[in-house]
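Chemist: no sequence for this one, just the structure:
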DNA sequence: TACATTAATATGTAGCTACATATTCTTGTC
DNA sequence: GACAAGAATATGTAGCTACATATTAATGTA
């Protein structure tokens, strides 16, 4: 049945996904080669490839050279989080953003930060504690460690004017980013800085970034009570 | 200088990103056309296109047909969260998984759920409250609403044996997924179900899925104290 | 049998052409 | 000047070929 239309990679992707969903190919099964699919659908291999890449990225299948394509045994839900610069997040909500440097000092990386980076030896780092405010009320407190070997320029940045968050995002790309999210009970220290109550449930985001294996920054951001993180925009 | 090598799309992408980072092109600036870049790099337009798609996806640039490519004014950090089936998450930690159906009933969708789906009228839904356990200790409690119009087969599934989580992931693809994460202070109800203390900080994940505008399920999952969500795997 | 070398193979990438599609810009008409 | 119709243009997609790369399978030798 030489069909003429419907050769878009989106359609092909949906067809293949449909087959996986109705158990034509079950979890762990090996899918036909791209070429085989191309022949079946009457399209080019590149189109199948495009579809497959999308399926692989969304976590439905796994691809390995020579190994072929297999249906993932453990389907995952993949969600993309958009983490904007805090200033923009605040401004987008119509609030006035303000930033306040609390403390900054040079310190060798403590074990917890070394663990985040996967380092075996301590390195000199710049520790920056700062507060982001929305309408003069505390919004997010961040405790950040910056590797001065990877980012020497940070020494010449006036962090009382510009937040490390913003400077790094604007000036340092990263090739890898690890994220950890959890809830924590607020301590008295938190309540002082965030003007929250002791015992409040606080949302914590830990973020560590590298540029091709070289550590850039690792930070722990604690949000004020009521903070929510969304997917999309 | 007709360079021969270095035409991989990754290299092209890095070159362009580098230019954006060293302010050759600043935030809001329009980049040259793909073809122009291709001529400059001495590669094919398709290679530039590939590089650009990657930059667009990672949130560095924005592309619009005819409008061209512009450097995003507000760089974002994009992180992909892998949310596995709860059973697999538990088993991967080496714990024994158990699942317990607490309650299930047909109810019209309440306002909060309608809001999640963006519905204007109530629809008949199956509400399922269930508990996931790790080593016989509460792990995640989920309060789930399933749209029976979109997923009629759910009526014939024995939800005391198989979790709705697992059945849906395995049987119902979704085309859109909204996610909301936040921290909440544990109530007495939570402490009963999760065996936590009243006042504990609890991590909450709200997830809503659709298949091309048709609502599938919306759920609120509350994790036991100490739970963490990671990127990657 | 053990192990290194080689062949086979499925996916990945680079390059090309041609056409599709969505905007923006231009032009024409009132 | 306002607005609609049409031309121009940058990105998006489909198809093709050729080659690269990773990994498994086969083969040969001690």
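Modeler: Received the coordinates, thanks. Here the structure is a predicted model, which means the values were calculated and not measured.
Chemist: From here on, just use CA atoms for contacts and neighbour counts.
Modeler: Will do.
Chemist: and stretch A:206-224 with chain B, contact?
Modeler: No. Using Cα under 8 Å from any Cα of the partner chain, stretch A:206-224 never reaches chain B; the gap is at least 9.5 Å.
Chemist: what does stretch A:151-163 give?
Modeler: No. Using Cα under 8 Å from any Cα, stretch A:151-163 never reaches chain B; the gap is at least 13.1 Å.
Chemist: Now do that stretch: distance to the chain's middle.
Modeler: 23 Å (Cα atoms, centre = their mean, to the nearest Å).
Chemist: Can you give me the end-to-end span of it?
Modeler: Length of stretch A:151-163, first residue to last, Cα to Cα, to the nearest Å: 15 Å.
Chemist: tell me which residues in that stretch are buried?
Modeler: A:151, A:154, A:159, A:163 (16 or more other Cα atoms under 10 Å in any protein chain shown).
Chemist: likewise stretch A:193-206?
Modeler: Buried residues in stretch A:193-206, counted by 16+ other Cα under 10 Å: A:193-194, A:196, A:199-206.
Chemist: Could you pick out which of those are located in helices?
Modeler: A:193-194 (DSSP state H).
Chemist: Quick one: the buried residues of stretch A:193-206 as TSV, columns for distance to residue A:93 and pLDDT too.
Modeler: Formatted as TSV, the buried residues of stretch A:193-206 follow (distance: Cα to Cα, whole Å; pLDDT from 0 to 100):
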residue	distance to residue A:93	pLDDT
A:193	22	95
A:194	19	94
A:196	20	88
A:199	27	88
A:200	23	92
A:201	22	95
A:202	20	96
A:203	19	97
A:204	20	97
A:205	20	96
A:206	23	96
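Chemist: Look up the closest residue to residue A:59, ignoring the ones flanking it.
Modeler: residue A:76 (6.0 Å; Cα to Cα, 6 or more residues apart in numbering or on different chains).
Chemist: the domain parsing of chain A - what is it?
Modeler: A:9-71, A:86-223 (automatic domain parsing).
Chemist: I'd like those domains laid out as CSV, including distance to residue B:138.
Modeler: Formatted as CSV, the domains of chain A follow (distance: least, Cα to Cα, whole Å):
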stretch, distance to residue B:138
domain A:9-71, 28
domain A:86-223, 17
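Chemist: so can I have CSV of those domains showing distance to DNA strand C?
Modeler: Listed next are these as CSV, based on distance: least, Cα to the nearest atom of the strand, whole Å:
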stretch, distance to DNA strand C
domain A:9-71, 3
domain A:86-223, 15
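Chemist: Which stretch among the ones you listed approaches DNA strand D most closely?
Modeler: domain A:9-71 (3.6 Å; Cα to the nearest atom of the strand).
Chemist: Straight-line length of that closest one, end to end?
Modeler: 18 Å.
Chemist: average model confidence for stretch A:222-233?
Modeler: Model confidence over stretch A:222-233, given as mean pLDDT, is 86.
Chemist: got the buried residues for it?
Modeler: A:222-225, A:227, A:229-231.
Chemist: Among these, name the ones in strands.
Modeler: A:222-223, A:229-230 (DSSP state E).
Chemist: quick check, nearest of these to residue B:41?
Modeler: residue A:230 (38.5 Å; Cα to Cα).
Chemist: quick one: residue A:90 and chain B, what's the gap?
Modeler: From residue A:90 across to chain B, the span is 13 Å (Cα to the nearest Cα, to the nearest Å).
Chemist: is it true that that residue touches residue A:99?
Modeler: No. Residue A:90 is beyond contact range of residue A:99, at 11.0 Å (criterion: Cα atoms under 8 Å).
Chemist: neighbour-wise, which of these two wins?
Modeler: Neighbours were counted for residue A:90 and for residue A:99 using other Cα atoms under 10 Å in any protein chain shown; residue A:99 has more, 22 against 19.
Chemist: residues contacting that one?
Modeler: A:130-133, A:161-163 (Cα atoms under 8 Å, 6 or more residues apart in numbering or on different chains).
Chemist: Repeat the analysis, applying 6 Å as the threshold.
Modeler: Counting by Cα atoms under 6 Å, 6 or more residues apart in numbering or on different chains, residue A:99 touches A:131-133.
Chemist: For these, which PyMOL command selects only the ones that are buried?
Modeler: Command for PyMOL, covering only those of those found buried under the criterion 16+ other Cα under 10 Å:
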select buried, chain A and resi 131+132+133
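Chemist: Residues contacting stretch A:176-189, please?
Modeler: A:198-210, B:183, B:201-203, B:228-231.
Chemist: 8 Å instead, please
Modeler: A:196-212, B:79, B:182-184, B:200-203, B:225-232.
Chemist: Before I go, just wanted to say thanks for your time.
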